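K.L.:
here's a sequence, model it:
(chains A, B, C and D)
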Number of protein chains: 2
Amino acid sequence: MTTLSIQLSTLSEKYVDVVMSVVYNRPASGELADMVSIVSVAKAAGVSNKTVSRVINGEPYVTEETRERVEKAIRDLGYIPNMAARLIRSSRSNTFGIITDYVSTTPYSVDIVRGIQDWANANGKTILIANTGGSSEREVEIWKMFQSHRIDGVLYVTMYRRIVDPETGDVSIPTVMINCRPQTRELLPSIEPDDYQGAQDLTRYLLERGHRRIGYIRLNPILLGAELRLEAFRRTTSEFGLTENDLSISLGMDGPVGAENNYVFAAATEMLKQDDRPTAIMSGNDEMAIQIYIAAMALGLRIPQDVSIVGFDDFRTVTMALKPELTTAALPYYDLGREGAKWLNDLIAGEKIYPASRVVSCKLVERSSVAFGPR
Amino acid sequence: MTTLSIQLSTLSEKYVDVVMSVVYNRPASGELADMVSIVSVAKAAGVSNKTVSRVINGEPYVTEETRERVEKAIRDLGYIPNMAARLIRSSRSNTFGIITDYVSTTPYSVDIVRGIQDWANANGKTILIANTGGSSEREVEIWKMFQSHRIDGVLYVTMYRRIVDPETGDVSIPTVMINCRPQTRELLPSIEPDDYQGAQDLTRYLLERGHRRIGYIRLNPILLGAELRLEAFRRTTSEFGLTENDLSISLGMDGPVGAENNYVFAAATEMLKQDDRPTAIMSGNDEMAIQIYIAAMALGLRIPQDVSIVGFDDFRTVTMALKPELTTAALPYYDLGREGAKWLNDLIAGEKIYPASRVVSCKLVERSSVAFGPR
DNA sequence: GCGCGCTATGACGACGTTGTCAATTCAATT
DNA sequence: AATTGAATTGACAACGTCGTCATAGCGCGC
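P.N.:
I've put the predicted structure just below:
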């Protein structure tokens, strides 16, 4: 028997009345109102338990009349199937495990989880989520835990796109990697956003609007997307005939993820103070664009009239809060999750599969941070 | 048997080599490598299954020698306990359900989930997460699903602090509400952030630094926190002797959450254009502060020398990206989750409990967006 | 030498569900 | 009228684990 302490509110008097304390009883731990089982339903409906089972699972060979009687009994008794018992017989849990580093606890890529969940809901699957927090011992534990729940498959999700080998603990549970891909390029199917194409589209967008001097503030090079985005920028500008002289590229951040050194503001200020300053700046991501905005404004430049700015990710908390709103390329997190779940399901059902890397494209989201460049 | 289609990468040639396709085999659906059970371990160790069970659960009355033999067998066979079977015997699942509107799929309050998960990990509990997406039919389904998994208790979490009655489906599963509280003030314990105290601290912070003309840009009044924060601001300034004339309060947003009308930029511009403009502005939250920054800078004002700004929430993607970094009050999401989980656990264990609203304070996070006011 | 209490172990059943197979009914076909 | 076969139903076992209870061995005190 436990007694809970009540911490009094620190709200001012006016709000104190929201704090109340009522005593009530619950059945003592032992006498939990035990769940009605298939047996009680069978008794109530006057049929065998197998028949009830048939009704529940929509199997054939049940008279309409019996079916109705059973359904009534189910409703009356409030019967709810016991998944654990079901699993123990059928050894298919209809559960997917999501294992992530930080994703479900971090603002950036939660949409992956949303995509997975939506698919799971629509298809009667249950989702078990676990975060490693980056620890690989924890990861091993989680795989064990998943196995002890007899999950049907694993979605291995990372917060940032990266290359990583899951600590699968040598057991072969069907697995799909989302937002990452395996180091040892075997076995595991993976699905990732197309950073290259996203940055390419963004670069073309600027070029098509007449910008010929373009700045680029780089993402932390640790991140896999950083290289791809920059490379896309370089190649695309060069295809359009721009030379290295027309570009102005600097590093925005480096260091360990979550505790990086931040040079964005300084780099942007530097870049925009030049006489032949760029007429447009591509930002490694949306957050960094905040600092570019501030740097530009501090120099008295107007956006987009004096400088155009584009971001990357479409992290909406930022892109919609900036004024003018930020044009960017949307990372297809939701689709990644949804497709990943679907793929995993196929994997579980199928006998032979073709593991492969798949890539989902980034959609350019046009807002108002880009103007036409000088003629 | 399913064959997966391979979508070719849209990466440029250079990156095409990351896309590969290998064919490999898994056992056909039927012949799943069936899990080793307690029985096989018993056979291997030459003991009865009950003895194995004893070893697994650390029960007494097992010789050191037998224990070791059994443990060896467990390791050799890679035995992993079957939770479902365990549950079916003990009817205690050691699983908590989290039911939320959007929380785990939205960037703002993910830390609640992190807090819950951390507690759960440390205490051997499993977490089942489900999102209603705001639909109450979906909510009913979820409660059913939870029951069919025989979860021990529910954490009912909302993205924004609000008043709401869970659709518990008249079954009494122990429940703790996090970041929200029940409309009908009975039965359900709840735990919320102390918006009032947070705003009070922030207001005092500004007052103590000599600010005597203060602006306030209001959060969407739909949100429960909005009223509390504003009220704290009003009362605290008045306690310090400021009058209505010293304050400049305007609405930043209204309309339905997720699709609100945004007046922040305009309101901030308006406020800062006045001759007797405030020397400090309190923002309803951190995101809104982005627009206040931009508005200030567009008017040629420096932060914090000309205007000080404080936010609310400590949404770090924003507070750390703004330059100068934003001083704010941190919503104690992580603690809310952790304490909520702990509380739920006590609830499940206890016989009599005192449901109550608890409140967790917001910590002021001092960064560099506030200067001393005019002397 | 006898009974007592403690340690160590196993046999067996039960949990809630579904798979297997047999039994029954009834209509259609020969 | 006998045979076939499909529709409908139930009896029973089995899944993996743990609780209950029984059994066996052993040292101890009288």
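K.L.:
use CA for all of it now, contacts and neighbours both
P.N.:
Will do.
K.L.:
near DNA strand C, which residues of the stretch 151-300 of chain A show up?
P.N.:
Neighbours of DNA strand C within the stretch 151-300 of chain A, by CA under 7 Å from any atom of the strand: none found.
K.L.:
which residue ranges of the stretch 151-300 of chain A form helices?
P.N.:
Using DSSP state H, counting those that start in this stretch, the helices of the stretch 151-300 of chain A run over A:195-208, A:224-239, A:264-273, A:286-298.
K.L.:
so what touches the second one?
P.N.:
By that I understand helix A:224-239. A:160-163, A:195-200, A:203-204, A:207, A:218-221, A:243, A:284 (CA atoms under 8 Å, 6 or more residues apart in numbering or on different chains).
K.L.:
the inter-axis angle of that helix versus helix A:195-208?
P.N.:
40 degrees (axes from the mean of the first three to the mean of the last three CA atoms, to 10 degrees).
K.L.:
if I look at A:Ser238, how far off is chain B?
P.N.:
From A:Ser238 across to chain B, the span is 14 Å (CA to the nearest CA, to the nearest Å).
K.L.:
which parts of the stretch 51-200 of chain A sit against chain B?
P.N.:
The stretch 51-200 of chain A has residues A:80-85, A:87-88, A:104-108, A:110-111, A:113-114, A:117, A:127-131, A:144, A:147-150, A:186-187, A:194, A:196-197 near chain B, with proximity defined as CA under 8 Å from any CA of the partner chain.
K.L.:
same thing but 6 Å
P.N.:
A:80-84, A:105, A:107, A:110-111, A:114, A:128, A:148-149 (CA under 6 Å from any CA of the partner chain).
K.L.:
tell me, how many residues neighbour A:Tyr205?
P.N.:
For A:Tyr205, the neighbour count with other CA atoms under 10 Å in any protein chain shown is 16.
K.L.:
what's the per-residue pLDDT of it here?
P.N.:
Per-residue pLDDT puts A:Tyr205 at 98.
K.L.:
again, but for A:Ser248
P.N.:
For A:Ser248, pLDDT reads 97.
K.L.:
contact partners for the closest residue in space to it that isn't next to it in sequence?
P.N.:
Spatially, and ignoring its direct neighbours in sequence, A:Ser248 is nearest to A:Gly215 (4.5 Å; CA to CA, 6 or more residues apart in numbering or on different chains). Taking CA atoms under 6 Å, 6 or more residues apart in numbering or on different chains, we find A:Gly215 in contact with A:247-249, A:278, A:281.
K.L.:
which ChimeraX command selects the buried ones in these?
P.N.:
Typed into ChimeraX, the line below selects the buried ones among the contacts of A:Gly215, using 16 or more other CA atoms under 10 Å in any protein chain shown:
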select /A:247,249,278,281
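K.L.:
mind putting the contacts of A:Gly215 into JSON lines with distance to DNA strand D?
P.N.:
Converted to JSON lines, these look like this (distance: CA to the nearest atom of the strand, whole Å):
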{"residue": "A:Leu247", "distance to DNA strand D": "63"}
{"residue": "A:Ser248", "distance to DNA strand D": "62"}
{"residue": "A:Ile249", "distance to DNA strand D": "58"}
{"residue": "A:Pro278", "distance to DNA strand D": "65"}
{"residue": "A:Ile281", "distance to DNA strand D": "59"}
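K.L.:
so which of the contacts of A:Gly215 comes closest to B:Ser40?
P.N.:
For the contacts of A:Gly215, the residue nearest B:Ser40 by CA to CA is A:Ile249; the value is 63.3 Å.
K.L.:
for the closest residue to A:Asp165 other than its chain neighbours, give its distance to A:Asn220.
P.N.:
Nearest residue to A:Asp165, sequence neighbours excluded (CA to CA, 6+ apart): A:Pro182, at 5.1 Å. A:Pro182 is 21 Å from A:Asn220, where distance means CA to CA, to the nearest Å.
K.L.:
these two: which is more packed in?
P.N.:
Taking other CA under 10 Å, A:Pro182 and A:Asn220 do not tie; A:Asn220 has more neighbours (22 against 17).
K.L.:
what strand or helix carries the most centrally placed residue in chain A?
P.N.:
Geometric centre of chain A, nearest residue: A:Ile112, 2.3 Å, by CA atoms, centre = their mean. Using DSSP states H and E, A:Ile112 maps to helix A:110-122.
K.L.:
give the buried residues for that helix.
P.N.:
Buried residues in helix A:110-122, defined by neighbour count with 16+ other CA under 10 Å: A:110-120.
K.L.:
same question for stretch A:162-175.
P.N.:
Neighbour-count burial for stretch A:162-175 [16+ other CA under 10 Å]: A:162-163, A:166, A:173-175.
K.L.:
which of the helices of the stretch 151-300 of chain A is buried the deepest?
P.N.:
helix A:286-298 (a mean of 25; mean count of other CA atoms under 10 Å in any protein chain shown).
K.L.:
average pLDDT for the host helix or strand of A:Val52?
P.N.:
Using DSSP H and E, A:Val52 falls within helix A:49-56. Computed over helix A:49-56, the mean pLDDT rounds to 94.
K.L.:
packing partners for that helix?
P.N.:
Taking 3 or more CA pairs under 6 Å, 6 or more residues apart in numbering or on different chains; DSSP states H and E as contact, there are no helices or strands that helix A:49-56 lies on.
K.L.:
may I have the beta-bridge partners of the residue nearest to A:Ser248?
P.N.:
A:Ser248, A:Ile281 (DSSP bridges).
K.L.:
show me what from the stretch 201-350 of chain A comes close to chain B.
P.N.:
So the stretch 201-350 of chain A meets chain B at A:Gly350 (CA under 6 Å from any CA).
K.L.:
which non-adjacent residue is nearest the residue of the stretch 201-350 of chain A at minimum distance from DNA strand D?
P.N.:
Closest contact between the stretch 201-350 of chain A and DNA strand D, by CA to the nearest atom of the strand, is at A:Ile348 (19.3 Å). What sits nearest to A:Ile348 in space, not counting adjacent residues and going by CA to CA, 6+ apart, is A:Pro174, at 6.3 Å.
K.L.:
hang on, the earlier thing: helix or strand right after the helix holding A:Val52?
P.N.:
Helix A:49-56 is succeeded, C-terminally, by helix A:64-77 (DSSP H and E).
K.L.:
which elements pack onto that following helix?
P.N.:
Applying 3+ CA pairs under 6 Å, 6+ apart, one finds that helix A:64-77 contacts helix A:38-45.
K.L.:
show me what the helix it packs on is packed up against.
P.N.:
For helix A:38-45, the packing partners by 3+ CA pairs under 6 Å, 6+ apart are helix A:64-77.
K.L.:
list of residues touching the helix holding A:Val52?
P.N.:
So helix A:49-56 is contacted by A:39, A:42 (CA under 6 Å, 6+ apart).
K.L.:
and that helix, what's buried?
P.N.:
Buried residues in helix A:49-56 (16+ other CA under 10 Å): A:49, A:51-53, A:55-56.
K.L.:
for those residues, could you give me a markdown table that also reports distance to A:Ala330?
P.N.:
Shown next, in a markdown table, are these (distance: CA to CA, whole Å):
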| residue | distance to A:Ala330 |
| --- | --- |
| A:Asn49 | 53 |
| A:Thr51 | 52 |
| A:Val52 | 49 |
| A:Ser53 | 47 |
| A:Val55 | 46 |
| A:Ile56 | 43 |
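K.L.:
excluding chain neighbours, what is closest to A:Glu139?
P.N.:
That would be A:Thr132: by CA to CA, 6+ apart, it lies 5.3 Å from A:Glu139.
K.L.:
kindly report the same for A:Ala295.
P.N.:
Nearest to A:Ala295 is A:Thr269, by CA to CA, 6+ apart, at 5.3 Å.
K.L.:
let me know whether the one you found touches A:Ile294 as I believe.
P.N.:
No. If you go by CA atoms under 6 Å, A:Thr269 and A:Ile294 don't touch, sitting 9.1 Å apart.
K.L.:
check the gap between the closest residue to chain B within the stretch 201-350 of chain A and A:Pro189 for me.
P.N.:
Closest residue of the stretch 201-350 of chain A to chain B, CA to the nearest CA: A:Gly350 (4.4 Å). A:Gly350 is 14 Å from A:Pro189, where distance means CA to CA.
K.L.:
no further questions, thank you.
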